[in-house]
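Participant: Let me see the structure of the following:
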Amino acid sequence: MRMIIATLLATASIFSPLNSFAQSADVEATIKAVDVNALILTLDDGKAYKLPEEFNFEGLKEGVKVLVFYTMVDDSRIVNDLEII
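Facilitator: Modelled structure (predicted):
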């Protein structure tokens, strides 16, 4: 019985809906551009970061230094949190 449960748990972990390739990271940089309509934030590191629809753009403009916490999903950087420095 224990062997069956262990096998089921191992199989479930392999096929879990969580993307095991998603990586969380953070970056400190200066905002280069903000596209409110496309929900894209471009930093001076040359990379674009996707923002959630309910994101508050207050205080975000070119030249502002930020700390961005993001997750890599399918070659896209998805912003989890952002702090103005």
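Participant: Return the residues in contact with G46.
Facilitator: K32 (CB atoms under 8 Å, 6 or more residues apart in numbering). Where you see a C-beta, it was placed from the backbone N, CA and C, and this is true even at glycine.
Participant: Likewise for I84?
Facilitator: Contacts of I84 (CB under 8 Å, 6+ apart): 59-60, 64-66.
Participant: any idea how far S76 is from it?
Facilitator: 23 Å (CB to CB, to the nearest Å).
Participant: and if you look at V68?
Facilitator: The value you get for V68 to S76, if CB to CB is used, is 13 Å.
Participant: Can you list the residue ranges for helices in the chain?
Facilitator: Under the criterion DSSP state H, the chain contains helices at 2-14.
Participant: Within its sheet, name the partner strands of the top strand by length along the chain and how each one runs.
Facilitator: When the chain is parsed with DSSP state E, its longest strand is strand 23-35. When pairing is defined by DSSP bridges, strand 23-35 lines up against strand 40-43 (antiparallel), strand 65-73 (antiparallel).
Participant: what's the distance between the shortest one and the middle of its chain?
Facilitator: For strand 40-43, the distance between its averaged C-alpha position and the chain's averaged C-alpha position is 12 Å (CA atoms, centre = their mean, to the nearest Å).
Participant: What residues sit buried inside that strand?
Facilitator: 41-43 (16 or more other CB atoms under 10 Å).
Participant: nearest to E54, of the residues you listed?
Facilitator: L41 (14.6 Å; CB to CB).
Participant: who's in contact with the closest one?
Facilitator: 31, 33-35, 48-49, 51, 60, 68, 79, 82 are the contacts of L41 under CB under 8 Å, 6+ apart.
Participant: Export the strands paired with strand 23-35 as TSV, with columns for mean pLDDT and distance to V27.
Facilitator: Shown next, in TSV, are these (pLDDT from 0 to 100; distance: least, CB to CB, whole Å):
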stretch	mean pLDDT	distance to V27
strand 40-43	94	7
strand 65-73	93	5
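Participant: closest to S24 out of those strands?
Facilitator: Going by CB to CB, the one of these nearest S24 is strand 65-73, 5.1 Å.
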